[in-house]
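> here's a sequence, model it:
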Amino acid sequence: MSTNERKLEAAKAALAHLPESGVVGLGSGSTATLFIQELGKLVAAGRKLAGVPTSEDSRRLAESLGIPLLDDVGPWQIDVCVDGADEVSDDLDVIKGGGGCQTREKIINHASGFNVIIVDDSKLSARLGEKWAVPVEVLRFGENTTRSRLEAFGPATLRLRDGAPWITDSGNVIYDIATGPIDHPAKLDAQMLAIPGVVETGLFVGRANLVLVAGPDGLRQLKKQ
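Now for the predicted structure:
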């Protein structure tokens, strides 16, 4: 089974955790894209489900599939959010933000009654930071000052796309902080967020109710003990 087939398996498994009718948080990234495509099939078949997208890419995809969308300002009562992840630890903490959407993803995650993370087994680590840097969204005003303070936690690299700074949907830049393995993700998250100019981090600590992992031995469901 290819990596993409594993991602699709996890995406399809998430459908079982949706309400018969209600509101779904629509994640971003390659695995979340597969989920949105499967959700579009349910809506086309008559399921009364609406979405709140975490990115403009997810919005455009949902609109193309005829999924009704709520407005951007809320307040929302989101039944379930289904999203991917870049790294998942043994404690089921998560790093997100490889697609540059972590701020909107975190807002929708916190507005959701239940959060499902869908990944293939390549995203699993004992501790966060073993495989992935921590993406941090930063205001452009004073960004070099913010970057210099973030470097207390590891080398900070400005993320580029096509040779230019990666600009988020909210108009900010992203620095990827190479922290190495993280002993206390909640503490690190709080320390980074305390720096003026930091908009949001890609650390999602204690925010996954269920992680669906597709691997060579089939699908596993991981829950916090």
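> report the helix or strand with the lowest average pLDDT across the chain.
Ranked by mean pLDDT, DSSP states H and E, the weakest helix or strand in the chain is helix 3-14, scoring a mean of 89.
> following element in sequence after it, please.
Following helix 3-14 in sequence order, the next helix or strand is strand 21-26 (DSSP states H and E).
> one step back: now the angle from the least confident helix or strand of the chain to strand 21-26?
Computed by axes from the mean of the first three to the mean of the last three Cα atoms, to 10 degrees, the angle separating helix 3-14 from strand 21-26 equals 150 degrees.
> ok, now how distant is the residue most central in space within the chain from Gly197?
Centroid-nearest residue in the chain: Lys96, 4.5 Å away (criterion: Cα atoms, centre = their mean). Using Cβ to Cβ, to the nearest Å, Lys96 is found at 20 Å from Gly197. In this view, the C-beta of every residue, glycine as well, is placed from N, C-alpha and C.
> how many neighbours does the residue nearest to Gly22 when sequence neighbours are not counted have?
Distance criterion Cβ to Cβ, 6 or more residues apart in numbering; nearest residue to Gly22, sequence neighbours excluded, is Asp79 at 4.0 Å. Look at Asp79: counted by other Cβ atoms under 10 Å, it has 19 neighbours.
> wait, isn't Asp79 in contact with Asn115?
No. When contacts are counted by Cβ atoms under 8 Å, Asp79 is not listed as touching Asn115 (10.8 Å).
> got the phi and psi for the closest residue to Ile167 other than its chain neighbours?
In this structure, Ile167 finds its nearest non-sequential neighbour in Val173, 6.6 Å apart by Cβ to Cβ, 6+ apart. Backbone torsions of Val173, given as degrees, to the nearest 10, read phi -110, psi 170.
> ok, Gly218 next?
phi 110, psi -160.
> with Leu65 instead?
Torsion angles, degrees, to the nearest 10, at Leu65: phi -100, psi 0.
> all set, thanks.
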